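>>> need coordinates for the below:
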Amino acid sequence: MPRTLLGQGASDDGESALAWLEAVLAGTPDGVLVIDRSGQVVLANERYARLSGYRRDELVGMAVGDLDAVDNRSGVQARHDDAEHVAIQVFDSWHQRKDGSVWPVVVAVTYADVDGGHYVSFVHDASSRHSADNVVRLAADRYRDLLAGSTDGFVRIDADDRIVEVNGRLTEMLGLESDELVGRPVGDVSALYGPPSLAQRLDAARSEAFERFTTTVRPTEGKPFAAEISLTSTGAEGGHVLAFVRDVTDRVEAERLIREGAERFGALLSGTTEAFCMLDTTGVILDVNDEFCLQSGYDRDEMIGRSTTDLASVEGLEHLIELSLEVLEQGSGRSETLLRRKDGTDWPVEISATVSHVEGGRVFTFLHDISERQEAERRIEALAFSDTLTGLPNRARFLDLLRDAISARPADGAMLAVCRLDVDGFAAVNDRLGHEVGDALIVQLGQRLVDEIGDGGVVARFGGDEFILLVTGLADRRQVDAIAGRVLAACRVPGVVDGNGYPLSASMGVTISPDDDGDADALLRHADQAMYQAKSNGRAGSRSTTRRSRSRRCVAVRSWLHSNVRWPTTSSCCTTSHASSSAPVVWSAPRPWCDGNTPTRGCSRPAPSSR
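Got it, this is the predicted structure:
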């Protein structure tokens with residue numbers, strides 16, 4: 001540094017002062033340049049050297065205008081010249097480093113009238129301040145863009161409840177210009193009167209920091225609309241409040257429609273005679289109607305949150321699971337199953353379920369009680385397959401059971417027996433005592449037969465005084481004889497009606513399979529034949545038929561016919577003849593023992609046996 005810069009009349013103490021000055025320049029956080037009146041650098045500290053990338057000796061002699069990236073030399077010189085007339089000149093600028101890059105600076109220049117006049121420039125690195133300014137500027141730009149592009153109206157209100165700022169969307173919503181709003185008390189803006197009004201909610205927003213409410217906005221033109229206003233207290237600038245105004249007309253209308261739909265839906269479910277429950281997709285019950293509670297016996301609170309499987313019976317659980325899978329896969333389903341009421345009784349239902357994708361998936365389920373239908377079906381089946389007087393299987397049902405038994409008969413030689421039973425002289429009982437007594441006796445006898453046969457057999461009524469029995473799983477004929485004996489003994493027990501006893505007896509014919517290898521109809525026919533043989537032998541007994549006995553009987557019948565039947569003289573056999581009053585009646589249909597070529601001997605029908 002030139003000694004003259006230390007002042008006139010410097011002594012030997014100048015070296016010491018120079019050392020002190022160097023220490024000050026080295027310790028300052030800012031760069032320092034000493035510039036002569038021609039604009040050349042005569043001194044630079046180490047801080048500026050580091051900021052600029054030059055060495056200190058490179059800076060000495062440079063024109064300060066070469067360091068400034070904003071102004072040319074003359075402009076820089078002019079700003080320094082201005083510093084002669086003020087205590088200190090401060091301005092923002094940009095300096096250029098040795099590598100060509102630039103950085104923002106704040107320059108403070110003072111003039112020292114020393115050694116012909118010098119300028120001392122303190123150069124402060126403003127990079128951090130410039131970055132902060134950029135952030136603030138960027139935030140401000142984004143804030144303005146956000147308000148300009150928002151679909152919600154915006155208004156900023158100061159602590160005195162005056163409007164400070166609005167966005168374009170709010171002016172559109174209210175039908176007012178910005179200058180008609182800014183500066184006015186918010187309570188004077190009739191469009192925001194409500195109820196409730198925006199002004200009434202500002203204090204609540206300032207105390208709670210946030211407030212949201214729905215009100216009615218009345219623009220200067222057009223019809224009023226529903227608006228949701230959200231208020232936020234900034235806590236800055238003395239209590240400013242930011243208000244966002246959103247048009248929620250569509251939402252309010254949708255909520256109204258949903259509410260009305262829910263009310264109609266609730267009225268529908270309350271008035272229907274069908275039980276209803278709403279489930280989630282895991283089968284958890286979310287809601288039920290009154291009819292569901294009435295039919296199931298459960299209260300509504302007892303059902304909500306429970307699984308539908310809690311209602312299923314052991315028999316109905318599999319059906320319920322299958323229906324659930326079908327509904328989830330196909331969107332709907334229908335099935336009949338058996339549920340349990342709260343009291344443990346059966347609840348047969350037909351379930352119709354449909355999936356809705358609202359609220360993450362809901363299953364709407366209607367349950368129709370089919371108890372009456374099932375009872376009607378049982379009555380119809382009973383009429384079709386049961387005897388109306390005794391409740392026993394009728395002929396059609398017995399034949400089905402007999403065919404099933406023949407098909408299922410094991411190959412181990414087990415037998416089954418078909419027994420045809422006819423009450424002896426029952427027509428006379430009806431004639432003498434009346435049909436009411438006769439019916440009562442038939443019912444009693446049917447129950448006795450059921451008791452004797454037990455679970456291993458079937459007792460059916462073929463009408464009138466005829467019963468038919470099926471017994472399976474027999475080991476030998478002795479078992480058949482034992483059963484026949486017990487059955488006939490039961491039939492001989494007098495029937496009691498109104499305290500009066502009436503003696504009974506019955507005749508029974510039996511055929512046994514596989515000895516009799518005929519089908520169901522053949523077995524019935526053979527048992528019938530055996531029953532008539534029992535009657536012809538004196539009644540109150542039983543008779544069994546086998547293939548051998550049927551063969552012997554066939555031979556006997558043919559022998560009797562040839563010996564006792566007079567054949568017609570015409571060559572046409574088996575036709576009806578009325579040649580004379582004394583001529584016997586001949587059969588009009590061929591019989592197995594008549595082939596049409598038999599010699600001309602009369603063919604007379606045997607007299608039917610009396611029951």
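
>>> centre of the chain versus the helix or strand hosting residue 199, how much separation?
Residue 199 belongs to helix 198-208 when assigned by DSSP states H and E. Relative to the mean C-alpha coordinate of its chain, helix 198-208 is positioned 44 Å out (CA atoms, centre = their mean, to the nearest Å).

>>> and that helix, what does it pack against?
strand 210-217, strand 225-233, strand 241-247 (3 or more CB pairs under 8 Å, 6 or more residues apart in numbering; DSSP states H and E). To be clear about C-beta, it is placed using only N, CA and C from the backbone, and glycine gets the same treatment.

>>> where does this protein dip in pLDDT?
The model of the chain has pLDDT under 70 over residues 1-18, 20, 71-73, 130-136, 139-140, 194, 235-238, 411-412, 539-611.

>>> where does the record place the domain boundaries for it?
For the chain, automatic domain parsing gives the domain ranges 3-131, 150-247, 262-374, 391-545, 565-611.

>>> in the stretch 151-300 of the chain, which spans are helices?
In the stretch 151-300 of the chain, the helices defined using DSSP state H, counting those that start in this stretch lie at 168-174, 198-208, 249-271, 290-296, 300-303.

>>> picking that back up, TSV for the domains of the chain, including distance to residue 381 and mean neighbour count?
Rendered in TSV, the data for those read as follows (distance: least, CB to CB, whole Å; neighbours: other CB atoms under 10 Å):
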stretch	distance to residue 381	mean neighbour count
domain 3-131	93	15
domain 150-247	63	16
domain 262-374	10	16
domain 391-545	9	18
domain 565-611	32	12
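
>>> my read is residue 427 is in a strand, agree?
No: assessed with DSSP: H, G, I helix; E, B strand; the rest coil, residue 427 is helix; it does not lie in a strand.

>>> on that earlier part again, out of the helices of the stretch 151-300 of the chain, flag the one nearest residue 484.
Distance to residue 484, taken as CB to CB, is lowest for helix 290-296 among the helices of the stretch 151-300 of the chain, at 51.6 Å.

>>> what residues does the closest one touch?
269-270, 272-277, 298-300, 303, 311, 339, 341-342, 347, 367, 369 (CB atoms under 8 Å, 6 or more residues apart in numbering).

>>> that older thread, could you export the helices of the stretch 151-300 of the chain as JSON lines, including distance to residue 491?
Listed next are the helices of the stretch 151-300 of the chain as JSON lines, based on distance: least, CB to CB, whole Å:
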{"stretch": "helix 168-174", "distance to residue 491": "101"}
{"stretch": "helix 198-208", "distance to residue 491": "97"}
{"stretch": "helix 249-271", "distance to residue 491": "60"}
{"stretch": "helix 290-296", "distance to residue 491": "48"}
{"stretch": "helix 300-303", "distance to residue 491": "56"}
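
>>> which among those is found nearest to residue 479?
Of all the helices of the stretch 151-300 of the chain, it is helix 290-296 that lies closest to residue 479, at 50.8 Å by CB to CB.

>>> rewinding a little: redo the helices and strands packed on helix 198-208 as JSON lines? Include distance to residue 490.
Formatted as JSON lines, those follow (distance: least, CB to CB, whole Å):
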{"stretch": "strand 210-217", "distance to residue 490": "87"}
{"stretch": "strand 225-233", "distance to residue 490": "88"}
{"stretch": "strand 241-247", "distance to residue 490": "92"}
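
>>> quick one: which of the helices of the stretch 151-300 of the chain is nearest residue 416?
So among these, helix 290-296 is nearest, using CB to CB, at 45.8 Å.

>>> for residue 248, which non-adjacent residue is spatially closest?
Distance criterion CB to CB, 6 or more residues apart in numbering; nearest residue to residue 248, sequence neighbours excluded, is residue 228 at 4.7 Å.

>>> which helix or which strand is home to residue 81?
Going by DSSP H and E, residue 81 is part of helix 73-82.

>>> packing partners for that helix?
helix 64-67, strand 89-96, strand 102-112.

>>> got the contact list for residue 197?
187, 215.

>>> phi, psi for residue 334 please.
phi -150, psi 140 (degrees, to the nearest 10).

>>> verify the stated contact: it with residue 354.
No: shown here, residue 334 and residue 354 do not form a contact pair, counting by CB atoms under 8 Å, at 9.8 Å.

>>> as JSON lines, the helices and strands packed on helix 73-82 with distance to residue 251 would be great.
Putting those into JSON lines (distance: least, CB to CB, whole Å) gives the following:
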{"stretch": "helix 64-67", "distance to residue 251": "64"}
{"stretch": "strand 89-96", "distance to residue 251": "52"}
{"stretch": "strand 102-112", "distance to residue 251": "50"}
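
>>> so for residue 493, which of these sits nearest?
Here strand 102-112 is closest among the helices and strands packed on helix 73-82 (CB to CB), at 127.8 Å.

>>> can you list the helices and strands that the closest one packs against?
The contact analysis (3+ CB pairs under 8 Å, 6+ apart) places strand 102-112 against helix 73-82, strand 89-96, strand 118-125, helix 127-149.

>>> out of these, flag the one nearest residue 104.
Here helix 127-149 is closest among the helices and strands packed on strand 102-112 (CB to CB), at 4.3 Å.

>>> any idea how far the nearest residue to residue 214 once chain neighbours are set aside is from residue 338?
Once flanking residues are discounted, residue 214 sits nearest to residue 228: 5.2 Å by CB to CB, 6+ apart. Using CB to CB, to the nearest Å, residue 228 is found at 52 Å from residue 338.

>>> could you do residue 425 as well?
49 Å.

>>> returning to what we had before: now the domains of the chain as CSV including distance to residue 380?
What follows is those, written out as CSV (distance: least, CB to CB, whole Å):
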stretch, distance to residue 380
domain 3-131, 93
domain 150-247, 61
domain 262-374, 10
domain 391-545, 13
domain 565-611, 34
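
>>> all the strands of the stretch 251-400 of the chain, residue numbers only.
Secondary structure of the stretch 251-400 of the chain by DSSP state E, counting those that start in this stretch: the strands cover 275-280, 285-288, 332-340, 346-356, 362-369.
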